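S.K.: Mind folding the following:
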Amino acid sequence: MQNQMVLRNNKTTDRRGFILYSLFFICCLCALASINEVRFDKYLLKLGRCPQQSDTNHSMSFNNNNSSDKEDNKNDEIRILIGILTLPDQYHRRHFLRLIYGTQSQPTGARIDVKFVFCNLTKEDQKVLVALEIMRHDDIIILDCKENMNKGKTYTYFSSLPEMLNDTTNQDYPPYHYVMKADDDTYFRLENLVDSLRGASKEDLYYGYVIPCPSMDPFKHYMSGMGYMVSWDIVEWIKESEIPRNHLEGPEDKTFGDWIKEGHRGKNRINAKWSMYNYPEPRTGCTHELWPNTIAVHLLKNQEKWIRTLNYFNVTRDLKPSKLYHIP
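M.R.: Down below sits the predicted model:
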């Protein structure tokens, strides 16, 4: 009997010892795992990675290792500057156009910068408000000129760009393949604009809507002021040549065409008619109904015309659903 009690006590002691030993072993394992995790995280941090970011940074690292592919893509990229000629006091128009162009995606294989262009500021409120715009949006070019309609503003715009944009430390040359002058009542659809330039020459190019309306020959007259574009080499020629410098006054789009003609420039020309056109109303020989292949619509002189145009192209189709708003 006594022996049985001793055996029972020994079994109880062995069971308790086993349980305590097991608990101790588990605690050691947890502590070891915790230490290793800390060390692993520190190792990842030394590599500049953390577990939550590993997939993203792996992709970035992959791209960095393929510098030749990046260079090839860079060489194929189309770079376009759209300069919208406007006035310093047109704050609301600029904010509206920022919405219009800021919600369009950058077309594949292209970089498009939209800038607002005007002459020297003349009022105290302009100096404050325009400065705030520049701080917030960085999309304004202020030319050294006095505001004018047909007395050289267009010349100042194009001729000023090489000095403004040519940077010897910048690997991108030219800074833009194409430079456009556009009106602030013209709506450009950027994807279609880029598609119309794919395969086009990046040298000695003159692009736009041919004037007069019945003409389809881009070599006969000149491009409409709604928006025309030239390659960078022509921009540099405008800066250096005496031809535009000696012929500044007159209707700016016709005057520009005269420079091109007299200087024997623009051997490569693209007539974007009828994908560029005036707003359908009032009906004239220079327009037609809105259609899907549109590159630009001109003469959007009031809010009603803008809204009708934007509705036609369904520009809000990518609006994400949310509990925060309800737009029927």
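S.K.: Would you mind listing where the stretch 151-300 of the chain has pLDDT under the threshold?
M.R.: For the stretch 151-300 of the chain, the stretches flagged by pLDDT under 70 are 168-171.
S.K.: ranges for the strands of it?
M.R.: 178-183, 187-188, 205-208, 210-211, 222-223, 227-231, 268-271, 276-278, 296-298 (DSSP state E, counting those that start in this stretch).
S.K.: Now do the contacts for residue 160.
M.R.: 141, 143-144, 239 (C-beta atoms under 8 Å, 6 or more residues apart in numbering). Quick note: C-beta positions are derived from backbone N, CA and C, even for glycine.
S.K.: and the end-to-end length of stretch 273-293?
M.R.: 11 Å (C-alpha to C-alpha, to the nearest Å).
S.K.: quick one on the thing from earlier: buried among the contacts of residue 160? Need that as a selection in PyMOL.
M.R.: Buried residues among the contacts of residue 160 (16 or more other C-beta atoms under 10 Å), as a PyMOL selection:
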select buried, resi 141+143+239
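S.K.: Residue 314: which of the contacts of residue 160 is nearest?
M.R.: For the contacts of residue 160, the residue nearest residue 314 by C-beta to C-beta is residue 141; the value is 31.6 Å.
S.K.: Would you tell me what helix or strand the closest one is located in?
M.R.: strand 140-142 (DSSP states H and E).
S.K.: and residue 189, how far is that from residue 299?
M.R.: 16 Å (C-beta to C-beta, to the nearest Å).
S.K.: my bad, residue 220
M.R.: 23 Å.
S.K.: With neighbour numbers in mind, choose between these two.
M.R.: Comparing residue 220 with residue 299 by other C-beta atoms under 10 Å, the one with more neighbours is residue 299, at 19 against 13.
S.K.: how many neighbours does residue 311 have?
M.R.: So residue 311, with other C-beta under 10 Å, has 11 neighbours.
S.K.: Doesn't it belong to a helix?
M.R.: Yes: looking at residue 311 with DSSP: H, G, I helix; E, B strand; the rest coil, it is inside a helix.
S.K.: quick one, helices of the protein?
M.R.: Secondary structure of the chain by DSSP state H: the helices cover 2-46, 54-65, 67-76, 91-102, 124-137, 153-165, 190-197, 232-240, 242-245, 252-262, 303-312.
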